[in-house]
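Participant: The following comprises the amino acid sequence and a computationally predicted model.
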Amino acid sequence: GESVGLHLPTLSVQEGDNSIINCAYSNSASDYFIWYKQESGKGPQFIIDIRSNMDKRQGQRVTVLLNKTVKHLSLQIAATQPGDSAVYFCAETFSGGYNKLIFGAGTRLAVHP
Amino acid sequence: ETGVTQSPTHLIKTRGQQVTLRCSSQSGHNTVSWYQQALGQGPQFIFQYYREEENGRGNFPPRFSGLQFPNYSSELNVNALELDDSALYLCASSSQTGRGGNTIYFGEGSWLTVV
């Protein structure tokens, strides 16, 4: 399928290492944040979300950190695997409005064996 | 699998033509949003439908229009196609109030090429 991330910043990691993908969000009023994974030719896949009343949330092999002071979001992937290779997007929204997601620029994660 | 299905998966249209893209939302989800994703960029919000009415719109011209049906499925229509409309069109569904803060699931998208 066509690639959706031709000129995105790339993070290259070795298989088994931990990965950290960073995102700066734009709207101080945003109170709900989501990380999506997008593989080539596919739609965005939900990974993990976090609300603004939290600063950390853990899932299976993934952790999201939220720093509202500097409007920064990060996604940590433990023991990165080749199947984690994809483009990762953070998205923000405001729960007081309709479900409009604002997406960040995206980061390509390349996992090398 | 998110349960959000889109059709067609790929299509080619000529500039000036019209296109209709279709989406079936995840079971139990009453809110459908459409996004446009150009190559190398993140998805851009087009509009959202909740209970068959447009519930919010992004910065897209009126030639982008939509419908939501009683079964919550949806269509995106684009008239007078332009070359810049070439993109991946994504449908996303969520539940409950149509407000933000609910988990949003995407379909695999429809690739539109305008020549």
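Facilitator: The structure has been received and is ready for your questions. Since this is a predicted model, take the numbers as computed values, not measurements. Numbering: from 1, shown residues only, chains lettered A, B, ... in the order given.
Participant: OK, contacts around residue B:112?
Facilitator: When contacts are counted by CB atoms under 8 Å, 6 or more residues apart in numbering or on different chains, residue B:112 is found next to B:11-13, B:19, B:21, B:78, B:85-89. Every residue, glycine included, has its C-beta placed from N, CA and C.
Participant: List buried residues within those.
Facilitator: B:13, B:19, B:21, B:78, B:85-89 (16 or more other CB atoms under 10 Å in any protein chain shown).
Participant: So which of those residues belong to strands?
Facilitator: By the criterion of DSSP state E, membership of those in strands covers B:13, B:19, B:21, B:78, B:87-89.
Participant: and which of the buried ones among the contacts of residue B:112 is nearest to residue A:10?
Facilitator: Distance from residue A:10 was checked for each of the buried ones among the contacts of residue B:112 by CB to CB. The minimum falls on residue B:88, at 20.2 Å.
Participant: That closest one and residue B:106 touch, don't they?
Facilitator: No. When contacts are counted by CB atoms under 8 Å, residue B:88 is not listed as touching residue B:106 (10.4 Å).
Participant: hey, what's in contact with both of those two?
Facilitator: Both residue B:88 and residue B:106 are contacted by residue A:43, under the criterion CB under 8 Å, 6+ apart.
Participant: sorry, back to before: near chain A, which of the contacts of residue B:112 show up?
Facilitator: residue B:88 (CB under 8 Å from any CB of the partner chain).
Participant: Okay, now the unreliable bits of the chain?
Facilitator: The chain I'm using is chain A. Residues of chain A meeting the criterion pLDDT under 70: A:1-7.
Participant: my bad, chain B
Facilitator: In chain B, residues with pLDDT under 70: B:1, B:96-101.
Participant: So which residues on it come close to chain A?
Facilitator: On the criterion CB under 8 Å from any CB, chain A has as its neighbours in chain B the residues B:2, B:4, B:6, B:31, B:33, B:35, B:37, B:39-45, B:48, B:50, B:55-56, B:58, B:88, B:90, B:92, B:94, B:98-109, B:111.
Participant: Repeat the analysis, applying 6 Å as the threshold.
Facilitator: Among all residues of chain B, those adjacent to chain A (criterion: CB under 6 Å from any CB of the partner chain) are B:31, B:33, B:39-40, B:42-43, B:45, B:48, B:55-56, B:90, B:94, B:100-101, B:105-109.
Participant: How about the residues of chain A by chain B?
Facilitator: Counting by CB under 6 Å from any CB, chain A sits next to chain B at A:6-7, A:32, A:42-44, A:46, A:89, A:93-95, A:97-100, A:103, A:106.
Participant: Strands of chain B, start to end?
Facilitator: Under the criterion DSSP E, chain B contains strands at B:5-7, B:10-13, B:19-24, B:31-37, B:44-50, B:53-57, B:64-68, B:74-78, B:87-94, B:105-106, B:110-114.
Participant: a markdown table for the ones you listed, including distance to residue A:59?
Facilitator: What follows is the strands of chain B, written out as a markdown table (distance: least, CB to CB, whole Å):
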| stretch | distance to residue A:59 |
| --- | --- |
| strand B:5-7 | 25 |
| strand B:10-13 | 32 |
| strand B:19-24 | 27 |
| strand B:31-37 | 23 |
| strand B:44-50 | 25 |
| strand B:53-57 | 28 |
| strand B:64-68 | 31 |
| strand B:74-78 | 29 |
| strand B:87-94 | 19 |
| strand B:105-106 | 16 |
| strand B:110-114 | 29 |
